[in-house]
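Enquirer: What would the 3D arrangement of this be:
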Amino acid sequence: MGNAMWLIARRSSAEGWPRLTATLLAALGSIALIAGSLQFALRAQEAVSGSDASEYFRADVLVQGGTVDPDDPYAPSNGRIRTDRIAPRPGVAAVAGDATVTVTAALPDGRAITASAEGRTLLRPWVPDPRLSPYRLEAGRSPVEGEVAIVRHMSRAGKAKVGDTLTLTLPRQTQRVRISGVVSVQDRDAVAAGDLVLAPPETVQRAAMLPPGTWQSVWVKAAPGVPPERLRGDLARELGGAATVRTAESVRRVQSAAAEGEGASIAGVIGMLASVAIFVGLFVVANTFGTLVRQRTRRLALLGAIGATPRQIKRLIRLEALVLGAVASAGGVAAGYPVSALITRLFARDGFDVSAAGAQFGWVALAVPAAAGILVTQAAAWRAARRAAGVSPVQALRSTVTETPEHRRPRLLAAFAIFAGAGFWWAVAAAIRTGDPPGPDRTFGVSLMVVFGALLAVTGLAVLTPFFVRPLGGLVGRLGTLVGGETGRLAHATITRSPRRVSSAASSLMLGVALVASVALVTLSVHDRFRDAGREVMAAEHAITSTARTTEGAPAPLPRDVATLVTAAPEVSQATALTQTEVKLVSPPSNRLEPDEEPEPFYFLVSGAEQAGLRDVLRLGGRPPTLRPGQIALSSTVMKERGLRRGEEIVVRGAQGRVTLTVAAVYHDPSHLFAEQALAAPATMDRLDANAATQAVLVRGGSPEDLERAVAGVPGVRVLDRDAYVDAASSSLTRPLRATYSFVGMALLLALFGMATTVSMSVTERTREFGLLGAVGTTMRQIRSIVRWEAATVVVLGTILGLVIAMGTLTLLHLATGSSFLRPDPPWWLVPILTAGAAAATLATSALPARRAAAIPVLEATKAE
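Expert: Okay, the predicted model is just below:
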């Protein structure tokens, strides 16, 4: 009996190879999406944290002028140190001065070279002494005046080679330089801090506004036989409080730990964004394999008629699922690498470049997607096998006509359990909203919990979908009867007899509609709010900004002299440079701390603007007064989060060291684009950071043509009107939303492919039924009409449930976050467009199988399963 059963099973598989192929392709695509998403997350983590290359690897001691921020291992020191104070000391073999200046490097065509994975592009001095130099020339030679050497990542990312020209945007000016060489650091393309542009020491000193012989820090090489720790102690005693002296090894460890933590954080965020794609992949695998086993119910029940036990049937299905899952997993893992490469290119275009890290081949990248594919196919086979083993041979003979009835209670209990899980995530979102202070971190955490709950809600609705088919099929059938007469009645009968078949296709369509509608609703809401708030705050008619972008996606900084050029343009009444720097709040500490709780460092952005005529270019809520040097205005969000009061003195730490400021006013920037957290006068900004980046120049008056002529000599700048600047400035804030497009787009394609597979298999499953209808006089046109009415049921059910999920998710996001940027207010045209798209996708996937089934001769159709 065993051999006969296996022969029958082999013949069944051979005869049903089109269905197996379709299921295999759906599973392979799902696992490829899972593997590609996971591969990209691991690659991003490697790009951020895996570059353990350090520019200090040849140095033994690092002497930094003044003090350094202990919470930021990459922050420059706030003092200055001369190399001639270090070089004559006993135990010192060699010294090299160092300084960092954040720059933007652009190609001759204006395209900026984006730094590797959330890093920065830093201008640093070339170190000629081989005892201290960490740079190995891969091509070219060391730079001289007017030249630079670049790290290998910049050469590859920008396709720049020796002899090409770069435009460097410095804090106060723009400079054109020639590439003289390409270097690597410890065989790596970049360092942990990002990309490096290496120039002659004198060039860097001028850019950092340092006197000759003076540096932000000094690298020290210990003499032979002198331990670095002993040299550090000697130098610390001799220099006293004028400098911070650390061993280079300790600095490398701190930077490596920070990079690993940031890499894990980045990977976690990307993994959460990829969770939608992973969920869709698992959903499609389970749905298509369940459909495949359901179609073979008749053949499997006939095996029982010839003596196969239910246990043998279950084992056979699980074995087939194992083979199918293993083949799909192997192919999916391999296909995940080109999927990851595609995601990498899409993210790089938006400023997040992880190409410095290569493809990952660890056990996580290979085993996790493969295990997911096998486990999901086994889970899908478990319920299908249990149902198939319980079907009697007599029922199996009717399996092409009507589905085996099932108990309602297990499905209802399963749906209740899934919705309870969704409620748990929504409760966590409410707890985060209550317990955490306002800010981007709270909004992100709440949104993430709401999305997790929504994914479970989708699963719960998919479980309940068969219950909706009969009443909805009745409505569609009655409408079909009115329109098509007997054809509509037959369509009504086929729909209500097979609710699980219809619900399988409707579930995939529901998922696709929910994905598209959710992304469309959030995108439209966010962009509309940015446009409205930007128009409300920005009183200037024009903005001068850079054509390049930062790694966050916002316009790159401008040279500060652009404001002077614009002021001279005809009819310009006001030109205000908007600068920005990040500072750390030193005191007072947060009033939210528990007695034994360690304070978390609090960093915030300070925007600088000339106070005279500020209201001519910006209309900030609360109308902050004219700020004097030493005063600062804080946003209401910062005031509330830190428990501060107007008139209170605060101490902040900027690039120039600690500065005491007085809170002079409270204001609000509803656009979050111009002065989101703090505002200060230019004199105060110079005390915080003399090289604060100029984000834009806001201009009142003048014409675009005159403004363009005024800045024509400055490369890489452009003139934008109010709406265009708001759109460009909001790019960094909408980047997380754009990051979902890649994953959601591929997930949507997979969901549509899963729906196409399910619909095609369901039509093929009814070949025998269509043949019998043809035998009693039904025409091919009527058969295709029956399929179209069933497709209409799928469209209506999938679209309604998908829109319910999308609107419910956005409503929960709005209530949970309290954000005015997430409003459940869809435009009138969105629902018709989504419905039309769903109808087109469903009809396109069902038309060809229906035509083929209707064209099969009657005698051949009666032999089909």
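
Enquirer: who touches stretch 463-472?
Expert: 408, 411-412, 414-415, 418, 495-496, 499-500, 502-503, 506-507, 510, 793, 796-797, 801 (Cβ atoms under 8 Å, 6 or more residues apart in numbering). From N, CA and C alone the C-beta is placed, and that goes for glycine too.

Enquirer: now do stretch 708-728
Expert: Counting by Cβ under 8 Å, 6+ apart, 104, 106, 110, 112, 167, 169, 174, 176, 527, 530-531, 534-535, 538, 540-548, 554-556, 558-559, 561-562, 565-566, 568-569, 671, 673, 696, 704, 707 sit against stretch 708-728.

Enquirer: Give me the subset of the residues you listed that lies in strands.
Expert: 104, 106, 167, 169, 174, 176, 542-546, 696 (DSSP state E).

Enquirer: Filter those down to just the buried residues.
Expert: Using 16 or more other Cβ atoms under 10 Å as the burial test, the ones in strands among the contacts of stretch 708-728 include 104, 106, 167, 169, 174, 542-546, 696 as buried.

Enquirer: Could you tell me how far residue 486 is located from residue 839?
Expert: Using Cβ to Cβ, to the nearest Å, one gets 24 Å for the distance from residue 486 to residue 839.

Enquirer: more neighbours, the two?
Expert: residue 839 (18 against 11; other Cβ atoms under 10 Å).

Enquirer: need the contact list for the spatially closest residue to that one that is not a sequence neighbour.
Expert: The shortest distance from residue 839 to any residue other than its chain neighbours is 4.8 Å, reached at residue 795 (Cβ to Cβ, 6 or more residues apart in numbering). By Cβ under 8 Å, 6+ apart, residue 795 lies in contact with 509, 835, 838-839, 842-843.

Enquirer: now the strands for the stretch 151-300 of the chain?
Expert: Using DSSP state E, counting those that start in this stretch, the strands of the stretch 151-300 of the chain run over residues 165-169, 174-185, 194-199, 214-215, 217-222, 243-247.

Enquirer: quick one, which of those strands is nearest to residue 627?
Expert: Nearest of the strands of the stretch 151-300 of the chain to residue 627, taken as Cβ to Cβ: strand 165-169 at 27.5 Å.

Enquirer: Next, report how far the closest one is displaced from the centre of its chain.
Expert: Its chain's C-alpha centre and that of strand 165-169 lie 29 Å apart, by Cα atoms, centre = their mean, to the nearest Å.

Enquirer: what helices or strands is it leaning on?
Expert: The contact analysis (3 or more Cβ pairs under 8 Å, 6 or more residues apart in numbering; DSSP states H and E) places strand 165-169 against strand 104-106, strand 147-151, strand 174-185.

Enquirer: Distance to residue 357 and mean pLDDT for the ones you listed - can I get that in JSON lines?
Expert: Below are the helices and strands packed on strand 165-169 laid out as JSON lines (distance: least, Cβ to Cβ, whole Å; pLDDT from 0 to 100):
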{"stretch": "strand 104-106", "distance to residue 357": "21", "mean pLDDT": "87"}
{"stretch": "strand 147-151", "distance to residue 357": "14", "mean pLDDT": "95"}
{"stretch": "strand 174-185", "distance to residue 357": "15", "mean pLDDT": "93"}
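
Enquirer: Of all these, which one is nearest residue 303?
Expert: Residue 303 lies closest, by Cβ to Cβ, to one member of the helices and strands packed on strand 165-169: strand 174-185, at 63.7 Å.

Enquirer: Please report the confidence value the model assigns to residue 721.
Expert: Looking at residue 721, its pLDDT is 93.
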